[in-house]
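Participant: whatever this is, show me its structure:
(chains A and B)
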Amino acid sequence: MLPALSVNGLSASYQKNKVLDDVNFDVNPGTLTSIVGPNGAGKSTLLKVMLDLHPKLSGSVSYFDSTYYKVKSRVGYVPQRGSVDWDFPTNALDVVMMGLYGQIGWLRWPKRIHREKAMNALDKMGMADYAGRQISQLSGGQQQRVFLARALVQDADLYFLDEPLAGVDAATERAIMDTLKTLKSNGRTVMVVHHDLQTVEDYFDHVLLLNRTVVANGSTNEIFTKENIFRTYGGSLRWMGEKSG
Amino acid sequence: MDGGEIRMTNLLSHNAQWVLLSMLILGMAAGIMGCFAYWKRQSLMSDALSHAALPGVVIGFAILGVKNLPVMIAGAAASALLGALLIQWIRSSSRVKEDAAMGIVLSVFFGLGIMLLTFVGRMAGASQSGLDSFIFGQAASMVRKDVFTMTGLALLVLFVAIIAFKEWKLFLFDPHFAKGLGLSSRWMNSVYLAILVLVIVIGIQAVGVILMAALLIIPAVSARYWTNSFKWMVVLSALFGGGAGMAGTLISTFGKGWPTGPFIVIAASSLFMVSLAFGLRKGLLLMFLQQRAQKKQLGQQLSNQSVLERG
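Facilitator: Residues are numbered from 1 along each chain as shown, chains lettered A, B, ... in the order given. The predicted structure is shown next:
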């Protein structure tokens, strides 16, 4: 099967610190993968480098056997919630509409059909009642749902999500995971930066263990073992004791 | 009644009417660009850029020996862009933070401009007349051709801001996401800087390098107090900017040799004070009333509770 995403020998640095060193992995289409690793392992940086938001030192990334710029419209991205200023004067529907700007066309105004699409996506995330709400007045979980709705309207084949479950309420976590599973069952490929080791097995069928370089990559059943997790986190893992006890 | 009208038209010569109209359009362009700068967190950057324009103005004058607005605007733009590049270079290649870098560039360029102004004044003697107006602004010193140049360029800025309104909004709110949709950050940044510098340099003859930033900053922050929609914030900011530009210019024409910049700033600040006090979004009066209502409610709840507890 042709991989949806193929990363070869990718390296990147922040200032003088190398945060990614010779990263290699493939992701098959129709999979739901979590990227797991300790703080500073380069998880967010990996997403940014793959999306050309951060320069790479070396290596290559190919999407659907092509380059990022050729298949850009097939790639969706949900950045960390903290990456934007939620004080910006706009409402939830307007933010979701932004996901359609590529389809609307540059220098053109959105039409009714675009508004309906955006409304539909908000509804899918259980946010229809908040369409006209100022984004600054949404809770963290609601803001995250708006971001996910914005990604949904893009109708992409490959999605990257940067910590979508960080600091959200249980209902939002459920809504987001349901949506991601639906995407997967529709043949879309989803990669999620994830920090909660307890839920990896329940939520994701594939896992990429990362600590500056790939420690292990594959299906959760095979790869997500105590041994591999320990190799990824080194001594900094206190969680193991709780689980085995 | 009639007499008053006649006096008014006498006071406002044909030229003055044109100046007023051009200040309205300049103020609107500045108000819009001020909104963009506000959400790019670069309000102070506009101040640094306008100060950095002064050496270019003087050099433009010194080369030709006469006052020629297009050449001086070009000089101002070159010098402001050089300032912007310097700020970026200082920030990225040293440990100096952006605010300090702006402080350095602002004062060094302004000092250099004043120094050059002194030399040019000595060399060219009386023909220097009018150059001083670039410091505090002298809208009345603009001749018809200057007015047309300024108005045309301000309209261009308005056009670029309005035609790509949706793109500006996306770029200002979430540039990373914009890039994912194919809206190049580098391109948008360049256009943004270009039209910001354009507004500044066409405004400095009328408003002055020292106070030009006020016309960019004050209307935008005032507009923020009235609306929760980006579109309306931009529209209001344009109206406030245009209004302040016109009002300040009008007042400054009442006295011979009165500088325009300070009156524009006073007019804009008055609008800001009104917005701060009575604004519908987080205005002081509204906040006070809301707080009082909340306290009252809370007090009532507490007294109900204590009644229940006692009962």
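
Participant: most centrally placed residue in chain B?
Facilitator: Closest residue to the average C-alpha location of chain B: B:Leu216 at 1.8 Å, with C-alpha atoms, centre = their mean.

Participant: and the nearest residue to it once chain neighbours are set aside, which helix or strand is it part of?
Facilitator: Spatial nearest neighbour of B:Leu216, chain neighbours left out: B:Gly34 (3.8 Å); criterion: C-beta to C-beta, 6 or more residues apart in numbering or on different chains. Using the backbone N, CA and C atoms, a C-beta is placed for each residue, glycine as well. Counting by DSSP states H and E, the element that carries B:Gly34 is helix B:14-39.

Participant: likewise for A:Leu10?
Facilitator: Per DSSP H and E, A:Leu10 falls inside strand A:5-14.

Participant: that strand near chain B anywhere?
Facilitator: No - judged by C-beta under 8 Å from any C-beta of the partner chain, strand A:5-14 stays clear of chain B, getting no closer than 13.6 Å.

Participant: following that strand, which helix or strand comes up?
Facilitator: Sequence-wise, the next helix or strand downstream of strand A:5-14 (DSSP H and E) is strand A:17-27.

Participant: check which helices and strands that next one sits against.
Facilitator: strand A:5-14, helix A:43-50, strand A:206-211, strand A:213-219 (3 or more C-beta pairs under 8 Å, 6 or more residues apart in numbering or on different chains; DSSP states H and E).

Participant: 7 Å instead, please
Facilitator: For strand A:17-27, the packing partners by 3 or more C-beta pairs under 7 Å, 6 or more residues apart in numbering or on different chains; DSSP states H and E come out as strand A:5-14, helix A:43-50, strand A:213-219.

Participant: A:Arg188: which of these is closest?
Facilitator: strand A:5-14 (12.1 Å; C-beta to C-beta).

Participant: rounded mean pLDDT for the closest one, please.
Facilitator: Strand A:5-14 shows a mean pLDDT of 94.

Participant: pull up the pairing partners for it, direction included.
Facilitator: Paired neighbours of strand A:5-14 in the sheet (DSSP bridges): strand A:17-27 (antiparallel), strand A:58-63 (antiparallel).

Participant: and the next element down the chain from the shortest one?
Facilitator: Next along the chain after strand A:58-63, taking DSSP H and E as the criterion, comes strand A:75-78.

Participant: starting at the chain centroid, how far to that next one?
Facilitator: 7 Å (C-alpha atoms, centre = their mean, to the nearest Å).

Participant: packing partners of it?
Facilitator: Applying 3+ C-beta pairs under 7 Å, 6+ apart, we find strand A:75-78 packed against helix A:140-153, strand A:158-162, helix B:175-180.

Participant: need those in a markdown table (columns: mean pLDDT, mean neighbour count and distance to A:Arg112).
Facilitator: Listed next are the helices and strands packed on strand A:75-78 as a markdown table, based on pLDDT from 0 to 100; neighbours: other C-beta atoms under 10 Å in any protein chain shown; distance: least, C-beta to C-beta, whole Å:
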| stretch | mean pLDDT | mean neighbour count | distance to A:Arg112 |
| --- | --- | --- | --- |
| helix A:140-153 | 96 | 24 | 14 |
| strand A:158-162 | 97 | 24 | 27 |
| helix B:175-180 | 92 | 22 | 23 |
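
Participant: below-threshold pLDDT in chain A: ranges please.
Facilitator: Along chain A, segments meeting pLDDT under 70 span A:235-245.

Participant: A:Phe230: which of the strands paired with strand A:5-14 is closest?
Facilitator: Ranking these by proximity to A:Phe230 (C-beta to C-beta) places strand A:17-27 first, at 19.9 Å.

Participant: list of residues touching the next helix or strand after that closest one?
Facilitator: The helix or strand immediately downstream of strand A:17-27 is strand A:32-36, counting by DSSP H and E. With contact meaning C-beta atoms under 7 Å, 6 or more residues apart in numbering or on different chains, strand A:32-36 is reached by A:27, A:43, A:46, A:180-181, A:184, A:190-194, A:197, A:200, A:203-210.

Participant: only the buried members of the residues you listed: can you turn that into a ChimeraX selection?
Facilitator: In ChimeraX syntax, the buried subset of the contacts of strand A:32-36 is picked out as below (16 or more other C-beta atoms under 10 Å in any protein chain shown):
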select /A:27,43,46,180,184,190,191,192,193,194,197,200,203,204,206,207,208,209,210
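
Participant: ok, residue 212 - contacts?
Facilitator: I went with chain A, as the question did not name one. Taking C-beta under 7 Å, 6+ apart, we find A:Arg212 in contact with A:Val19, A:Leu20, A:Asp21, A:Ala41, A:Gly42.

Participant: that's the other chain; I wanted chain B
Facilitator: B:Ser50, B:Ile200, B:Gly203, B:Ile204.

Participant: which of those fall in helices?
Facilitator: B:Ser50, B:Ile200, B:Gly203, B:Ile204 (DSSP state H).

Participant: check contacts around the third one.
Facilitator: Counting by C-beta under 7 Å, 6+ apart, B:Gly203 makes contact with B:Leu26, B:Ala30, B:Met212, B:Leu215.

Participant: which one of the residues you listed has the most neighbours?
Facilitator: Neighbour counts for those (other C-beta atoms under 10 Å in any protein chain shown) peak at B:Ala30, which has 39 neighbours.

Participant: show me what contacts the residue of chain A found nearest chain B?
Facilitator: Closest residue of chain A to chain B, C-beta to the nearest C-beta: A:Gly102 (4.4 Å). A:Gly102 is in contact with A:Ser73, B:Leu181, B:Gly182, counting by C-beta under 7 Å, 6+ apart.
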